[in-house]
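> okay, structure incoming, though there's no sequence with it:
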């Protein structure tokens, strides 16, 4: 995390989202302060969620872990937690979706008390078995509107949503209702050889990133365009070069 | 193909869909007759489609190939051709979708003249880059209704559609409009390790096959429940055992 702070600053990057595992064993408040001293705004803590389970005990463990994430976000100085909502292949998507909403509503009072927002991230339908039963922006909009709190919104990631014929209208709806909290970019490469870790730099694939960014901006979003590239291919190379490629790819789109 | 005819008959299977590559070098009419002599109804020819391309010449090649597929289906005695509609990552999904509809409309008169139906198969959104720009049953319904021919309908595959929160209503709509031509089953295993060839036997995964079958039957479908399991894992084993597992799995769901 310290290295990222230095390198991001040198590369002109102005924000960072922090994955929770990198906070383990660190003084969280000091870690946040150090990142801010590098000129970085801490956009979000990644990740909460994983609410559904056939086991009630497991659902309680998930809620407790999300409450802990609220503490971490508050200590770090992150405005929001991104929720990978979860799914359990042992039960229906309908039940998992109900448990997700219940889980968010259980965590919400504590999030409000700590001034931390919860961002539902709809995930690509190829993750519907275990990672998220919320698979379209329409579903995320429905859920956020049903909960109806200023502290619950949505993280929209082009990788998960680009194929959706209703994307433009749902982004418009999301912005109009004040629910568009985060925007993630990367690209879909062809062929994709791994379902998790084969994302591309912006421009390496077929996602119309500029068009979608246009919709997001028309919807009133003024936050960061967050680059999120899980890639065994790019991770295997020199990470300074990867950072330079990210910056160039970001500017080109 | 000859082996499948014998083994399917012995296993009590009553129908078969034929992939085009197995017709190469064979007398197609005789191949069809031989399958029927094993008590098999030839449900469909697989596959036509792949209409979109940034190249006009390539789009014409695709149309010519689909016309050839109509000849093959007629010779084989298959009632329909399943369309894997195609997509080109070099152009927008909107353009690809337009080219798909244009391609189908170009092939349609010849299909009608040969009494062969064209079944649009919506494919999972993870195939939106290269295999199909038609990714939901709603889109397929829209397209089939827009074309408005008794010779254009839809092949619904649980693998592609199970995650869709609008699935029940779109199956109902599809049946009500007379467009539900085919129903394919298999299962989604967790974890899925290959995006193409890691499908499961019915019951190995998390798709609510019985529930979806119920919706399909309520929508008036009376055709075959076609098992379609692309699986490196199952293909690597003894194929007689795989067939027995398929039959058992079919009966259990």
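All right, it came through fine. These figures come from a predicted structure and were not determined experimentally.
> enumerate the residues of chain A near chain B.
Residues of chain A lying close to chain B (C-beta under 8 Å from any C-beta of the partner chain) are A:89-90, A:92-93, A:124-126, A:128-130, A:135-136, A:138-139, A:162-165, A:188, A:190-192, A:195, A:205-206, A:208, A:211. (C-beta placed from N, C-alpha, C; glycine too.)
> helices of chain A, start to end?
A:2-11, A:28-37, A:56-76, A:93-113, A:137-147, A:158-161, A:167-176, A:209-218, A:232-235, A:239-252 (DSSP state H).
> the last one - contacts with which helices or strands?
This points to helix A:239-252. helix A:2-11, strand A:225-227, helix A:232-235 (3 or more C-beta pairs under 8 Å, 6 or more residues apart in numbering or on different chains; DSSP states H and E).
> show me what the last one is packed up against.
Put plainly, it is helix A:232-235. Short answer (3+ C-beta pairs under 8 Å, 6+ apart): helix A:232-235 packs on helix A:239-252.
> now do stretch A:202-217: everything it contacts.
Residues from elsewhere that reach stretch A:202-217 (C-beta atoms under 8 Å, 6 or more residues apart in numbering or on different chains): A:156, A:158-159, A:161-162, A:167-168, A:171-172, A:175, A:180, A:183, A:185-190, A:225, A:227, A:249-250, A:252-253, B:89-90, B:92, B:129.
> now list the buried members of these.
A:156, A:158-159, A:161-162, A:167-168, A:171-172, A:175, A:180, A:183, A:185-190, A:225, A:227, A:249-250, A:253, B:89, B:129 (16 or more other C-beta atoms under 10 Å in any protein chain shown).
> ok, back up a step: tell me which of the helices of chain A sits most buried.
helix A:158-161 (a mean of 23; mean count of other C-beta atoms under 10 Å in any protein chain shown).
> let me know how buried residue A:132 is, in neighbour terms.
31 (other C-beta atoms under 10 Å in any protein chain shown).
> so residue A:185 sits against residue A:201, correct?
No. Taking contacts as C-beta atoms under 8 Å, residue A:185 lies outside contact range of residue A:201: 9.8 Å.
> next one: residue A:58 from residue A:96, what distance?
12 Å (C-beta to C-beta, to the nearest Å).
> quick one: contacts for residue A:120?
Taking C-beta under 8 Å, 6+ apart, one finds A:83, A:85, A:104, A:134, A:140, A:143-144, A:152-155 in contact with residue A:120.
> same thing but 10 Å
A:49, A:82-85, A:100-101, A:104, A:132, A:134, A:137, A:139-141, A:143-144, A:147, A:152-156, A:179, A:181 (C-beta atoms under 10 Å, 6 or more residues apart in numbering or on different chains).
> and the residue lying closest to residue A:121 once chain neighbours are set aside, what is it in contact with?
Distances taken as C-beta to C-beta, 6 or more residues apart in numbering or on different chains place residue A:155 nearest to residue A:121, at 4.1 Å, with adjacent residues excluded. Contact partners of residue A:155, counting by C-beta under 10 Å, 6+ apart, are A:17, A:43-44, A:46-47, A:80-84, A:118-122, A:140, A:180-184, A:226, A:228.
> correct me, but residue A:237 touches residue A:245?
Yes. Taking contacts as C-beta atoms under 10 Å, residue A:237 lies within contact range of residue A:245: 8.8 Å.
> quick one on the thing from earlier: so can I have TSV of the helices and strands packed on helix A:239-252 showing mean pLDDT?
Output for those, formatted as TSV (pLDDT from 0 to 100):
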stretch	mean pLDDT
helix A:2-11	96
strand A:225-227	98
helix A:232-235	98
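> got the ones you listed as CSV, with distance to residue A:74 columns?
Formatted as CSV, the helices and strands packed on helix A:239-252 follow (distance: least, C-beta to C-beta, whole Å):
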stretch, distance to residue A:74
helix A:2-11, 20
strand A:225-227, 20
helix A:232-235, 30
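> report pLDDT for residue A:178.
On pLDDT, residue A:178 comes in at 97.
> count of neighbours near residue A:224?
So residue A:224, with other C-beta under 10 Å, has 18 neighbours.
> and the closest residue in space to it that isn't next to it in sequence, how many residues sit next to it?
Closest residue to residue A:224 apart from its sequence neighbours, by C-beta to C-beta, 6+ apart: residue A:15 at 4.5 Å. Using other C-beta under 10 Å, residue A:15 has 17 other residues around it.
> isn't residue A:15 right up against residue A:41?
Yes. Judged on C-beta under 10 Å, residue A:15 makes contact with residue A:41 at a distance of 4.4 Å.
> shared neighbours of these two, anything?
A:35, A:223-224.
> in a markdown table: the residues you listed, plus distance to residue A:65 and pLDDT.
Compiled in a markdown table, the shared contacts of residue A:15 and residue A:41 are given as follows (distance: C-beta to C-beta, whole Å; pLDDT from 0 to 100):
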| residue | distance to residue A:65 | pLDDT |
| --- | --- | --- |
| A:35 | 23 | 98 |
| A:223 | 26 | 97 |
| A:224 | 26 | 98 |
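> would you turn those into JSON lines with distance to residue B:30?
Listed next are these as JSON lines, based on distance: C-beta to C-beta, whole Å:
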{"residue": "A:35", "distance to residue B:30": "73"}
{"residue": "A:223", "distance to residue B:30": "65"}
{"residue": "A:224", "distance to residue B:30": "65"}
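> what sits against the nearest residue to residue A:37 once chain neighbours are set aside?
Take residue A:37 and drop its neighbours on the chain: the residue closest to it by C-beta to C-beta, 6+ apart is residue A:5, 7.8 Å away. Residue A:5 makes contact with A:13, A:16, A:31, A:34-40, according to C-beta under 10 Å, 6+ apart.
> at 7 Å instead, please
Residue A:5 is in contact with A:34-35, A:38, A:40, counting by C-beta atoms under 7 Å, 6 or more residues apart in numbering or on different chains.
> distance check, residue A:214 against residue A:151.
28 Å.
> make that residue A:113, sorry
10 Å.
> can you check residue A:145 too?
14 Å.
> please apply the same query to residue A:83.
For residue A:83, the distance to residue A:151 - C-beta to C-beta - is 12 Å.
> these two: who's more crowded?
Taking other C-beta under 10 Å, residue A:83 and residue A:151 do not tie; residue A:83 has more neighbours (28 against 20).
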